[in-house]
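1. Okay, sequence plus prediction incoming.
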Amino acid sequence: MKITRRNMLAQTMAIGAATSTPAMAAVAPRTVERWGVFEIELAGPSGGNPFVDVTLAAVFEGAGKQVRVPGFYDGNGTYRIRFSPPELGAWRWRSESNAGALAGKSGEFTAVAPGKGSRGPVRVSKDGYHFAYADGTPFRQIGTTCYSWALQSDAKCAETLKTLAGAPFNKMRMLVFPNVPSVATNPFARTGDGPRDWDPARFDPAYFRRYEDRIQKLGALGIEADVILYHPYDEKRGYSDMQRADDERYLRYVAARFGAYRNVWWSMANEYDNIETKTIADWDHLFEVLVAADPHDRLRSIHQINTYYDHRKPWITHASVQNGAAVLDDLRAELHRAMTLKPVVFDEVVYEGNIAKRWGNLSAEDMVQRFWYGLIGGCYVGHSETFAADRNADSSWLGQGGSLAGHSAPRLAFLRKIMEEGPVPGVEPIQAWWNYHLGGQQNAYYLRYFGAEQPTEWPVVLPGKGPESLQSYRIDVIDTWNMTVTPVEGLFRMAKKNDYDVQDPARPTVELPGKPWIALRMVKVQA
């Protein structure tokens, strides 16, 4: 059977149903895939407030490592500890708790080789500017945003997953707290009928079970879940305006519940600078809490509207940026990378759509253009849509998920293929400050993107000095909108042009089709 995203989702849902009740502690050793989830279920006290009164963790030992993993209360006297083994082999564990019924439990399991398609969690690549799975496979980010899709009806969620199964996206940005009309709206226990009648010290486990189910289903499709922990869009309920102690408890709870899933990323906030009840010092503190609460060390970012957070701080793994203008050319995109010295994802570059708001009526051509300019600048870009019958962003893909109505997604799938065929770990900006507008890998691979320009030829001039720059290249003309690749006949054999550049004196230019959305790809060959 051909393996597709849809097949993977169906298989994982079936497996999840068969193993949804994990074995109790102190049973015979069992096996779990490396980077999978080993879950301990324990029965303990249900009186008082277990979310506050009971502490629980387990120390895991194996592969020369010792990892302390916090547990959490899942309601009805049930406690869980979730651990994702980072290495193969035997692992032993022992529980710690201030409740006698939970303390001193022990067991063991074996982490075995992961199944086909499991490459582990995504990390920052060794070069510091790109991403790679734990097994070393490059992760070429083509993300999208559906803020409250996970909180919609089961039918609407199924529609979103079906759409994703046929789409190019490998990362989904999603809110924990609702921002638009949703089926699930109460992450905390209700204390009355008013919008702020909820108890920040008592979580609603059913709400979080629903959310983690969506995380798992994304994982089955090979999609990273970029979990947004706070946002400024719901002043009525005020979930993002909790006191510090309540924020700390919330972060520890979600880290314990979700952190073992290998496809989880943490986004501390969306438009953090619009949450008026928190200062930069508060955000710094919350990052420190999250780092301490997450033994799995998932990727971490924060997203702004007007004021950039300092992405160079040690708890930030990559920059998540809202800036549509920065990817209107590759040079402005590259400056963000040069400033942060980390991977840059332009997660919000305004949206393809039909609403009246200036941030929601981008054409598909302009959306695709932003992705290409971000790529040439050595960065990554995110997508979303604001098409809706009533021109209401709340009911669009951005707000609730469902189906796609725009035309950029197939072109982004084409772009992803180009990226996956490109250099490892990713495309580098090549002498961007000297205005070459090239991305790739020096002396081996080059991309040049022309955007809306319509040139009929291009001087094939590459930066280079020494003998390593005197290479031969084949050139492909890429129509990024019509999704075609047309090889140029023959080779371009580089010779010294001046002190800084090389060019083929016999073929100084390449002919272009004179229409927009064209790119060139140059790949070194052995002449």
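-> That came in fine, so what should we check first?

2. Show me where the protein has its helices.
-> Assigned by DSSP state H, the chain shows helices spanning 5-18, 50-53, 154-165, 205-220, 244-258, 280-293, 330-340, 364-376, 397-400, 408-420.

3. most tightly surrounded among those?
-> Among the helices of the chain, helix 397-400 has the highest mean neighbour count (mean count of other C-beta atoms under 10 Å), at a mean of 27. In short, each C-beta sits where N, CA and C put it, glycine included.

4. How many residues are close by the residue lying closest to residue 427 once chain neighbours are set aside?
-> Closest residue in space to residue 427, ignoring its immediate chain neighbours: residue 439 at 4.4 Å, by C-beta to C-beta, 6 or more residues apart in numbering. Residue 439 is flanked by 30 other residues according to other C-beta atoms under 10 Å.

5. centroid residue for this protein?
-> The centre of the chain sits closest to residue 171, judged by C-alpha atoms, centre = their mean, with a distance of 4.2 Å.

6. Can you name the residues bridging to that one?
-> Following DSSP bridges, residue 171 is listed with bridge partners residue 143, residue 224.

7. Equivalent analysis for residue 61, please.
-> Where residue 61 sits in a bridge, its partners, by DSSP bridges, are residue 66, residue 92.

8. Show the pLDDT at it.
-> The per-residue pLDDT reported for residue 61 equals 98.

9. what does residue 93 give?
-> So residue 93 comes in at 98 (pLDDT).

10. pretty sure it is touching residue 106, no?
-> Yes. Using C-beta atoms under 8 Å, residue 93 makes contact with residue 106 at a distance of 6.4 Å.

11. Comparing these two, which shows the higher neighbour count?
-> Neighbour totals were compared for residue 93 and residue 106, and residue 93 leads with 21 against 12 (other C-beta under 10 Å).

12. OK, contacts around the more buried one?
-> Contact analysis of residue 93 by C-beta atoms under 8 Å, 6 or more residues apart in numbering lists 40, 58, 59, 60, 61, 81, 83, 106, 107, 108.

13. Among those, which are located in strands?
-> 40, 58, 59, 60, 61, 81, 83, 106, 107, 108 (DSSP state E).

14. Looks like the second one contacts residue 91 (just checking).
-> To tie it back to what came earlier, the one meant is residue 58. No. Here residue 58 does not reach residue 91: they are 10.5 Å apart, not a contact under C-beta under 8 Å.

15. Overlap of the contact sets of those two?
-> Contacts common to residue 58 and residue 91, judged by C-beta under 8 Å, 6+ apart, are residue 83.

16. tell me the contacts of the closest residue to residue 119 other than its chain neighbours?
-> With sequence-adjacent residues excluded and distances taken as C-beta to C-beta, 6+ apart, residue 119 is closest to residue 133, at 3.6 Å. Neighbouring residues of residue 133 by C-beta under 8 Å, 6+ apart: 119, 120, 121, 122, 123, 139.

17. again, 10 Å this time
-> Going by C-beta atoms under 10 Å, 6 or more residues apart in numbering, residue 133 touches 35, 118, 119, 120, 121, 122, 123, 125, 139, 262.

18. hmm, which two among those are most spread apart?
-> 118 and 125 (18.7 Å; C-beta to C-beta).

19. if we can go back for a sec, okay, and the beta partners of the residue nearest to residue 119?
-> With DSSP bridges applied, residue 133 shows beta-bridge pairing to residue 122.

20. ok, now how distant is it from residue 401?
-> 25 Å (C-beta to C-beta, to the nearest Å).

21. Stretch 436-448: which residues count as buried?
-> Using 16 or more other C-beta atoms under 10 Å as the test for burial, stretch 436-448 gives 436, 437, 438, 439, 440, 441, 442, 443, 445, 446, 447, 448.

22. List the contacts of the closest residue to the third one other than its chain neighbours.
-> Nearest residue to residue 438 in three dimensions, chain neighbours excluded: residue 430, at 4.3 Å (C-beta to C-beta, 6+ apart). Contact analysis of residue 430 by C-beta under 10 Å, 6+ apart lists 334, 376, 378, 436-443, 445-448, 462-464.

23. Go again with 8 Å.
-> 436, 438, 439, 440, 442, 446, 463.

24. what's the answer for residue 456, then?
-> 511, 512, 513, 514.

25. Return the distance of it relative to residue 369.
-> Distance, residue 456 to residue 369, by C-beta to C-beta: 20 Å.

26. same check, this time on residue 127
-> 26 Å.

27. coming back round to it: going by neighbour count, which of the contacts of residue 456 comes out on top?
-> residue 512 (17 neighbours).

28. if we can go back for a sec, so which pair among the contacts of residue 430 is furthest apart in space?
-> Among the contacts of residue 430, 439 and 463 lie farthest apart (C-beta to C-beta), at 12.4 Å.

29. circling back: I'd like the buried residues of stretch 436-448 as TSV, with distance to residue 473 appended.
-> Formatted as TSV, the buried residues of stretch 436-448 follow (distance: C-beta to C-beta, whole Å):
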residue	distance to residue 473
436	15
437	17
438	12
439	15
440	11
441	12
442	13
443	10
445	9
446	8
447	12
448	12
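
30. From the residues you listed, pick the one nearest residue 212.
-> Nearest to residue 212 among these, with distances taken as C-beta to C-beta, is residue 439, at 37.5 Å.

31. who touches that closest one in this structure?
-> 330, 375, 376, 377, 378, 427, 428, 429, 430, 446, 447.
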